[in-house]
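coords please:
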Amino acid sequence: MKRLKALAVPVCLLMAAMVPAHAQQGTFGIYAGQTTDRFGSLPSKSGVELGIDGQVAVLKSNPKKGGPNIVVGGEIRLPTDTQDHSTEFAFFGGPEFVWHNLTIGAHAQLRKIYLPPSRVDNQIFERNRMILLEIPLVVRYNFGPAKRAFIGAEGAPEFTPHWRSGGSLAGLPNPNLDHGYFVRGTVGYNFGKWYAKGIYENRYFKFVENAGNPSNLYNWKSNLIVGGVGFVF
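Alright, predicted model coming up:
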C-alpha cells in the first residue's frame, strides 16, 4: 500500500504534464527491457524493468525571436523484482534550444530511488531511500528522410543524495558520496503519430567506506537496456 501511494503522486504529476494545451507538443510512452545491478562485492543481478516516460513543451519559443522551449516531464521505473532492483520516480523541467535538426538543453531533475535490500551472511540489510537532484545536459539530433530518425544523449555527475529511512531498525548514519555519474543514449524513429526507441543507460555510485556504508553495500553499478513505443501529440 505504501508503494502504491508513493506511485500515485508521480503518476498524477506525469499525467498532468502530458495534458495537451494550446501551443504544447510532447511525447508519452512505455518501455520494457533488462536492468543489471551490482551492489558492493555482491553478485550482479539481472531482471525485467518496466517504465513510463514523457515530456511536454509548456512554453514554445517564437522561431523569429529565438530562445528556448521550456519542457517538463517525468519517468517511472518499475522492476518486476524489487528485492534486487530499484523502483524510481523522476520529475524534471528545463530549457531546450533548437537549431535546425539539433536540440541542446538542460533538465533540472528530482529523482527518488527505492533501493533494494541485501542479504549478507543470512542477515537483511535495508538501504535508505535516495533523493537526487540531477542537472543533465541533453542533446538530440534528427536525421534521415523527413528527419524522422533521432539519436540522443544525456548525462551528468551525481550530487550528494538526500536520504530517507528505508525501514531499517539499525539506525545507521547516511553514507558519504565519493563520486557518481550517469550517462544515457537513445536511438529511435518517429512514425508521425507514434514513435519507437531504444535506450541504454549506465549509472555508478561510489560511497566512502565507513559506518554508513558497511562492506561498501551502498556502492552501486547499474546497466539498463530497454525498448519502447509511444505517441506524439
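
doesn't S215 belong to a helix?
Yes: counting by DSSP: H, G, I helix; E, B strand; the rest coil, S215 is located in a helix.

where does the protein have low pLDDT?
1-24, 167-172 (pLDDT under 70).

and with 50 instead?
1, 4-5, 8-24 (pLDDT under 50).

give me the outermost residue of it relative to its centroid.
Going by Cα atoms, centre = their mean, the residue of the chain most distant from its centre is K64, 33.6 Å out.

assign that residue to helix, strand or coil.
coil.

for it, give me its contacts.
For K64, no residue counts as a contact, taking Cβ atoms under 8 Å, 6 or more residues apart in numbering as the criterion. Where you see a C-beta, it was placed from the backbone N, CA and C, and this is true even at glycine.

state the distance from it to W99.
As judged by Cβ to Cβ, to the nearest Å, K64 and W99 stand 14 Å apart.

S165 - how many residues pack around it?
Neighbours of S165 under the rule other Cβ atoms under 10 Å: 12.

surely it touches R127?
No: if you go by Cβ atoms under 8 Å, S165 and R127 don't touch, sitting 10.1 Å apart.

residues contacting stretch 189-196, please?
So stretch 189-196 is contacted by 27, 29, 148-150, 188, 197, 227-232 (Cβ under 8 Å, 6+ apart).

and those residues, which are buried?
For the contacts of stretch 189-196, a burial check counting by 16 or more other Cβ atoms under 10 Å picks out T27, G29, F150, G188, K197, G228, G230.

which one among the residues you listed gets closest to A57?
A57 lies nearest to T27 out of the buried ones among the contacts of stretch 189-196, by Cβ to Cβ, at 10.1 Å.

against which helices or strands is whichever helix or strand the closest one is part of packed?
Under the criterion DSSP states H and E, the helix or strand holding T27 is strand 26-39. Packing partners of strand 26-39 (3 or more Cβ pairs under 8 Å, 6 or more residues apart in numbering; DSSP states H and E): helix 2-18, strand 45-59, strand 69-79, strand 194-207, strand 220-232.

and the last one, what other elements does it pack with?
The helices and strands touching strand 220-232, judged by 3+ Cβ pairs under 8 Å, 6+ apart, are strand 26-39, strand 45-59, strand 194-207.

so what does the second one touch, helix or strand wise?
Counting contacts by 3+ Cβ pairs under 8 Å, 6+ apart, strand 45-59 packs against helix 2-18, strand 26-39, strand 69-79, strand 220-232.

ok, now which ones touch S118?
Taking Cβ under 8 Å, 6+ apart as the criterion, S118 is in contact with F39, G40, L42, I124, F125, R127, L217.

for it, grab phi and psi.
phi -130, psi 150 (degrees, to the nearest 10).

quickly note the distance from it to H162.
Separation of S118 from H162 (Cβ to Cβ): 21 Å.

repeat that for R111.
From R111 to H162 the distance is 11 Å (Cβ to Cβ).

equivalent analysis for I199, please.
I199 is 26 Å from H162, by Cβ to Cβ.

what about these two, which has more around it?
Neighbour count, other Cβ under 10 Å: between I199 and H162, I199 has more, with 19 against 14.
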